[in-house]
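Q: Structure for the following, please:
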Amino acid sequence: MDAVRGTGIGTGVTMSAVAPPLPYRVADAWDETADTRSIELVPAGRELPPFSPGQFAMIYAFGVGAVPISASALRGRHGGLVHTVRAVGAVSTALCRLRSGDTAGLSGPYGTGWDLEAAVGHDVLVIAGGIGLAPLRPVVHAVLDRPAAYGRLVILVGARTPADLVYRDEIESWRGPARVEVTVDRPGQGWRGAVGVVTTFLDHLDLRPDRTSALVCGPEVMMRHTARDLVARGLVPHRVQVSLERNMHCATGHCGHCQLGPLLLCRDGPVVGYDRVAQLLLVREL
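A: All right, here's what the predicted structure looks like:
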């Protein structure tokens, strides 16, 4: 099955079925890593409603199928939505083969976005593992666009190897307006950065728990340990948002693939406060 991606917070969509897709043209497409590609899509006719950071679309590779994928930028170089796709199944591989001028289908937006309004006046701590940076990238853009609304912006990024880092040039451009730290599990030749898990950076932050909002996305084991570590350092659990993207499939919570206990993650999330899922994540094979 394709790996899928989508983020939101709150009650999510209430539709009984996914809306028919609208045709979108590929304005640009480029490789991020050997198996990951970013695609900018612009409307070929009627346009979807605006997306918020964290919302996701159903993207259709015509003749193959559809997957839910979060927007990795709300306005690309050509004014379109950008989605970052890893080729891990038939649909995502077909999407990664799209080139400029090709057509895909798009429906959405689905879910609700990262709760940035709750972070106003707070330091914003963004923690990403691997391609988990994709749904957090619009958060970085939004905070950088409104610097007076937030406190300090800290971005911690981890990846398996240097070759697995996405948005490498853009990450460098964030240094200055934000504190940016990058680490890898396995350094390659020439790597001079940090090595180890991303949570090791927390020991070196001047963390202000009473005025910090944390947004976390990555492999589930990484999110579980990161959220637990942040709470142990004094953040209240509802100030830690995690993106749980388990088996997203239909985008509306009707097929049941994304169920986590009482939650249907593409309807009730998939971004949720850690206070809602802390105990659920401890249940083996739930």
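Q: mind checking how far residue 206 is from residue 154?
A: Distance of residue 206 to residue 154, given as C-beta to C-beta, to the nearest Å: 9 Å. Quick note: C-beta positions are derived from backbone N, CA and C, even for glycine.
Q: More neighbours: which of those two?
A: Taking other C-beta atoms under 10 Å, residue 206 and residue 154 do not tie; residue 154 has more neighbours (21 against 8).
Q: Need the residues that contact the helix or strand the more buried one falls within.
A: Residue 154 is located in strand 153-159, with elements delineated by DSSP states H and E. When contacts are defined by C-beta atoms under 8 Å, 6 or more residues apart in numbering, strand 153-159 is touched by residues 123-130, 133, 140, 143-144, 147, 165-166, 171, 174, 177-185, 197-198, 201-202, 205, 218, 222.
Q: In ChimeraX, how would I select just the buried ones from those?
A: Only the buried entries of those go into this ChimeraX selection, using 16 or more other C-beta atoms under 10 Å:
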select :123,124,125,126,127,128,129,130,133,140,143,165,166,171,174,178,179,180,181,182,183,184,198,201,202,205,218,222
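Q: Please list the members of the contacts of strand 153-159 that lie in helices.
A: Counting by DSSP state H, the part of those found in helices is 133, 140, 143, 144, 171, 174, 222.
Q: Nearest to residue 33 among these?
A: Of all these, residue 133 has the smallest distance to residue 33: 11.6 Å, by C-beta to C-beta.
Q: I figured that closest one hits residue 170, correct?
A: No: between residue 133 and residue 170 there is no contact, the gap being 9.7 Å when judged by C-beta atoms under 8 Å.
Q: tell me the strands in the stretch 101-250 of the chain, going along the chain?
A: Under the criterion DSSP state E, counting those that start in this stretch, the stretch 101-250 of the chain contains strands at 103-110, 123-129, 153-159, 179-184, 194-195, 212-217, 240-243.
Q: Quick check: neighbours of the fifth one in the sheet, parallel or antiparallel?
A: Sheet neighbours of strand 194-195, with direction, are listed as strand 179-184 (parallel) (DSSP bridges).
Q: longest strand in this structure, by residue count?
A: Ranked by residue count, the top strand of the chain under DSSP state E comes out as strand 22-33.
Q: Next, the buried residues of that one.
A: Buried residues in strand 22-33, counted by 16+ other C-beta under 10 Å: 22, 24, 25, 26, 27, 28, 29, 32, 33.
Q: residues contacting the nearest residue to the second one once chain neighbours are set aside?
A: The reference is to residue 24. Leaving aside its chain neighbours, residue 24 sits nearest to residue 41 (4.0 Å; criterion: C-beta to C-beta, 6 or more residues apart in numbering). By C-beta under 8 Å, 6+ apart, residue 41 lies in contact with 24, 25, 26, 27, 59, 80, 81, 82, 83, 104, 106.
Q: returning to what we had before: could you check the angle strand 22-33 makes with the next helix or strand after the longest strand of the chain?
A: Downstream of strand 22-33, the first helix or strand assigned by DSSP H and E is strand 36-43. Counting by axes from the mean of the first three to the mean of the last three C-alpha atoms, to 10 degrees, strand 36-43 points 160 degrees away from the direction of strand 22-33.
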